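Enquirer: Give me a 3D structure for the following:
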Amino acid sequence: MHLITSHKTRIDMTKSIKMVFFLFIVATSIKVWPNVSQPGVWNAGGTLYTMLYPSDSLTFKKVQMKEERIYVQLYKGYAVVKGTYFLQNTTQETLNFKMGYPLNGIYSGGGWHLNQVKIDLLSKFKIRSNDVWIHIIEQQNEDYGKINSLNENWKVWQMNFLPKESKILNVYFIVNTNYGTVVNGYNSKRTNAFIYLLESGNVWKNPIDLGRFYIQLMDGLTTKNVHGISKNFEFKFNHENRIFYGTKSNFIPTTSDNLVITYFKNINQFDYDKKVEEAEELFTTIDQMSELPLNSLSYEEILTNDPYHVDNTFLGYIPFVLTSFITYAPFVIISIAMVIFIWGFIKWKKILVTNKEL
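Expert: Here you go, the predicted structure:
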């Protein structure tokens, strides 16, 4: 009787241990996907004026962007932009279409790395066609593509092309770059961020023959203040004028072609509206830059960093530790409770066996 009872006790103990082991394996093999933000640049200031107006989307593919020249002057907390575009109607048709962007919205571009632009940070937008200023109106519209409009009001303007006509467009605006955030996993950093959404150029008839990009550091900024800049433009640097120069040719723009720059640091209590009041002076300054003999300046190779890079910090691991604890704690507690229960059960069995022997 003693041998049979002891043998049965050992069998029960073995089954219980196997059950605990099985539950532990199930608990620890569950995949946990922490709630982290998509890696990339959030809340950047940038360009959105090439966004097509939905009702005229088919017309855009009949116009080719032969060349674009983008001039950017980076200041502490904001950037001034001038874009010069050489467009051509490739058909024998007369084309009439609208372009526009929402007054308040978000454009989420990019691929694996998010390129998020806050549209409401774009100010003093104006556009000129063949030296004639174009009238801009407000008009209701809805979300389209990657644009999430936070209200229905858009800035809209009319474009007209005669058959085979070519036009030169000049666009000016100011953007707030002060609220950018670079995210990578649980780590993030606040920084100034500017994004030129080159991917938006795929609305035109492809390819774009040539793109020239000039980025000038203003406000006492130096290359040491530039945290990162997109590498697929092969930027070089002119030290005298503090200008980065990069090109792209014969390309069909995709998300990987976006120009992303992170620089300087977040400024507390930054008065962006006060800077915007100086718009005409700022536009005059960028005109002067665009009139420099930029292509004949001397440029040197320069080492630039990844604009998406974020240093790992101790604080960055805290959310991961907390998430892991919350996820696994119930299984650990249950496992411990079951071990204690089984241990107690086995002890109780042994006591029963001992008492019977007596």
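
Enquirer: Could you look up the SS state of Thr84?
Expert: Secondary structure assignment for Thr84 (DSSP: H, G, I helix; E, B strand; the rest coil): strand.

Enquirer: wait, doesn't it sit right on Lys66?
Expert: No: using Cβ atoms under 8 Å, Thr84 makes no contact with Lys66, being 11.4 Å away. C-beta here means a position set from N, CA and C on the backbone, and glycine is covered the same way.

Enquirer: Helix or strand with the lowest mean pLDDT in this structure?
Expert: Lowest on mean pLDDT, DSSP states H and E among the helices and strands of the chain sits helix 2-29, with a mean of 46.

Enquirer: Which stretches in the stretch 151-300 of the chain count as helices?
Expert: Ranges of helices in the stretch 151-300 of the chain, per DSSP state H, counting those that start in this stretch, are 272-276, 279-290.

Enquirer: Break down the stretch 151-300 of the chain into its strands, ranges please.
Expert: Per DSSP state E, counting those that start in this stretch, the stretch 151-300 of the chain carries strands over the ranges 153-161, 166-176, 180-184, 187-196, 208-217, 226-229, 236-238, 243-251, 259-263, 300-301.

Enquirer: just those: most buried one?
Expert: Neighbour counts (mean count of other Cβ atoms under 10 Å) averaged over each of the strands of the stretch 151-300 of the chain peak at strand 259-263, with a mean of 26.

Enquirer: now the angle from it to strand 180-184?
Expert: Relative orientation of strand 259-263 versus strand 180-184 (axes from the mean of the first three to the mean of the last three Cα atoms, to 10 degrees): 100 degrees.

Enquirer: Give the residue spans of the protein that score low on pLDDT.
Expert: Along the chain, the model assigns pLDDT under 70 to residues 1-55, 102-121, 140-153, 185, 312-329, 352-353, 355-358.

Enquirer: please redo it, this time with the cut-off set to 50
Expert: Applying pLDDT under 50 to the chain flags residues 1-11, 13, 17, 19-36, 49-51, 150, 314, 316-317, 320.

Enquirer: Show me how it divides into domains.
Expert: As given by automatic domain parsing, the domain ranges for the chain are 2-35+313-357, 40-301.

Enquirer: what's the burial count for the closest residue in space to Gly77 that isn't next to it in sequence?
Expert: With sequence-adjacent residues excluded and distances taken as Cβ to Cβ, 6 or more residues apart in numbering, Gly77 is closest to Asn178, at 4.1 Å. Using other Cβ atoms under 10 Å, Asn178 is surrounded by 24 other residues.
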